[in-house]
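A.B. asks: The following comprises the amino acid sequence and a computationally predicted model.
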Amino acid sequence: MSEGGLLGDRQGPLTRALAVAAGSRLFVLLVGFAAAALIGISEPQWAWRFPAGAETFHGLLGSLLNPWAHWDGVWYIKIARAGYADADGSTAFFPLYPLLLRYLGVLFDGNLVVTGIVVSLLCFAGSAWLLFRLVARDFDERTALRAVVYLSIFPTTFFLQAVYTESLFLLLSLACFSWAREGRWRLAGLAGLFAALTRSTGVFLIVPMAVYYFQQRGWRLRRADANIANLLIVVEGLLIWMAYLAITFGRPMLFAEAQDQWRRSFMLPNFSIGRALEAAMQGLRQVLSGQYLDLYWPVSTPGDAYSVAVANLTALAFLVVVGACLAYGLRRLPPAYTLYGVVSAAYPLFFPAKYVPLLSFPRFALAIFPVFVALALFTRDRPRAHAAIVVAMVAALAALTARYALFEWVA
């Protein structure tokens, strides 16, 4: 199935890309609504629903909008309303997104669920446009269109319209790439700074910036000029957050210490991958047993055995897909893409969680946009592979969107 066949050959590639992006948002919204309205949102511990503003609607409107403020969305709404605290784990969440919720919320009468959805959707639209523009310049419009298609239907792409940082971070990352590629170093540095205020991985944007900088100077250090200082602006984003934590709580590394709440610890990636393989194998045993109480892997509570098993299997599958795409792109992608993709994929492997070693990796993969570009290159002359990937992604997207809408853990 081709993008042209779906949308008409008379449409330009950019128009088709944005149409697919918009259509994917409608699909995700309808799947979430159907799951919440027909099945009903599950009842987790009330601690996960503590802000009064996390579920503000009732009836069909509640089924349509409330699901998009689950899990981390609850945290961002809490922070936007009440700020940070020392011991509740809130400092694990970086400040730019909740600040946007807080101050843009006045445009929506203080409803932070609607505010978050609108912010995420606008950032996603900008991300789709920037991704197309960037890839079209480095390759061609057909590859750019396909990269946007894969981003739009990736199995965890529903996070791009939830009250999460994914859309904002992706937008800022692509803006940093685009401006660095054009040699607009001050703008690229500022985009990287804001990305680092969105998520800790934003500091890694200094890597593609450095690659573009020296690439444009023939890889000769003596050609460096004052613009090299703009690369360090990226790091200033993290330093600003650390300074705030030091002034407010007396602990500049509190954002890292807060990860203890999710049972994360430092480990070399090879050990993390080993634990992930073991967790997935035990998860497979759990699923095949057909039992919810048989425990083949440590879980927080016995009732979580099946969900933890599914989470470990899912996370390993995403790691394999991301790794395969990056490996395929090693000699086909520009150096900035490759290095950023590898660093972004490797970073979470240093901090595995106890129960799900690759905790949240399926969501983190959304921001590793070189994966979608590599996949687009792989299927460029393989229409059957493209059709199979589209079908598999859409099916997985529907299943994971429904799980998330029902307040079940996905990533």
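C.D. replies: Looks like it arrived, so ask away. Numbering: from 1, shown residues only.

A.B. asks: quick one: buried residues of stretch 226-245?
C.D. replies: Within stretch 226-245, the residues that qualify as buried are 227, 230-231, 233-238, 241-242, 244-245, counting by 16 or more other Cβ atoms under 10 Å. Bear in mind the C-beta positions are built from the backbone N, C-alpha and C, glycine included.

A.B. asks: Please apply the same query to stretch 20-28.
C.D. replies: In stretch 20-28, the ones that count as buried by 16+ other Cβ under 10 Å are 20-21, 24-25, 27-28.

A.B. asks: Show me where the chain has its strands.
C.D. replies: With DSSP state E as the definition, the chain shows no strands.

A.B. asks: Same list (the buried residues of stretch 20-28) but as a markdown table, adding distance to residue 110 and pLDDT.
C.D. replies: Shown next, in a markdown table, are the buried residues of stretch 20-28 (distance: Cβ to Cβ, whole Å; pLDDT from 0 to 100):
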| residue | distance to residue 110 | pLDDT |
| --- | --- | --- |
| 20 | 34 | 95 |
| 21 | 29 | 95 |
| 24 | 29 | 96 |
| 25 | 24 | 96 |
| 27 | 30 | 97 |
| 28 | 25 | 96 |
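
A.B. asks: Which pair of the residues you listed spans the longest distance?
C.D. replies: Farthest pair in the buried residues of stretch 20-28 (Cβ to Cβ) is 20 and 28. Separation: 12.5 Å.

A.B. asks: So for those two, which residues contact both of them?
C.D. replies: Counting by Cβ atoms under 8 Å, 6 or more residues apart in numbering, residue 20 and residue 28 have no shared contacts at all.

A.B. asks: about what we covered before: of the buried residues of stretch 20-28, which belong to helices?
C.D. replies: Among the buried residues of stretch 20-28, the ones falling in helices (DSSP state H) are 20-21, 24-25, 27-28.

A.B. asks: Now flag whichever of these is closest to residue 151.
C.D. replies: Comparing these against residue 151 with Cβ to Cβ places residue 21 closest, at 7.8 Å.

A.B. asks: dump the residue contacts of the residue nearest to the closest one when sequence neighbours are not counted.
C.D. replies: In space, and not counting its chain neighbours, residue 21 is closest to residue 128: 4.1 Å by Cβ to Cβ, 6 or more residues apart in numbering. By Cβ under 8 Å, 6+ apart, residue 128 lies in contact with 17-18, 21, 148, 151-152.

A.B. asks: Give me the buried positions along stretch 171-182.
C.D. replies: Residues of stretch 171-182 classed as buried by neighbour count (16+ other Cβ under 10 Å): 171-181.

A.B. asks: right, and residue 180 touches residue 209 too?
C.D. replies: Yes: counting by Cβ atoms under 8 Å, residue 180 does reach residue 209; the two are 4.7 Å apart.

A.B. asks: list residues touching both of these two?
C.D. replies: residue 188.

A.B. asks: so how far is residue 206 from the residue of the chain positioned farthest from its centre?
C.D. replies: Distance from the C-alpha centroid of the chain peaks at residue 222, with 37.6 Å (Cα atoms, centre = their mean). Separation of residue 222 from residue 206 (Cβ to Cβ, to the nearest Å): 21 Å.

A.B. asks: Stretch 342-354: how far from the chain's middle?
C.D. replies: Mean-position distance between stretch 342-354 and its chain equals 14 Å (Cα atoms, centre = their mean, to the nearest Å).

A.B. asks: May I see the buried residues of stretch 171-182 arranged in CSV, with distance to residue 354 and pLDDT as well?
C.D. replies: Shown next, in CSV, are these (distance: Cβ to Cβ, whole Å; pLDDT from 0 to 100):
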residue, distance to residue 354, pLDDT
171, 32, 98
172, 31, 98
173, 29, 98
174, 33, 98
175, 36, 98
176, 33, 98
177, 34, 97
178, 39, 97
179, 40, 97
180, 38, 97
181, 40, 96
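
A.B. asks: Could you list which of the residues you listed belong to helices?
C.D. replies: Per DSSP H, the buried residues of stretch 171-182 map to helices at 171-181.

A.B. asks: distance of residue 31 from residue 113?
C.D. replies: Separation of residue 31 from residue 113 (Cβ to Cβ) stands at 18 Å.

A.B. asks: of these two, who's got more company?
C.D. replies: residue 113 (25 against 20; other Cβ atoms under 10 Å).

A.B. asks: Quick check: closest non-adjacent residue to the more buried one.
C.D. replies: Nearest residue to residue 113, sequence neighbours excluded (Cβ to Cβ, 6+ apart): residue 69, at 4.7 Å.

A.B. asks: what's the neighbour count on that neighbour?
C.D. replies: Residue neighbour count, defined by other Cβ under 10 Å, stands at 26 for residue 69.

A.B. asks: Check the contact between it and residue 161; I expect there is one.
C.D. replies: No: contact criterion Cβ under 8 Å: residue 69 and residue 161 do not qualify, at 11.3 Å.

A.B. asks: now the helices for the stretch 151-300 of the chain?
C.D. replies: Counting by DSSP state H, counting those that start in this stretch, the stretch 151-300 of the chain has helices at residues 166-181, 185-196, 206-215, 233-249, 254-257, 269-289.
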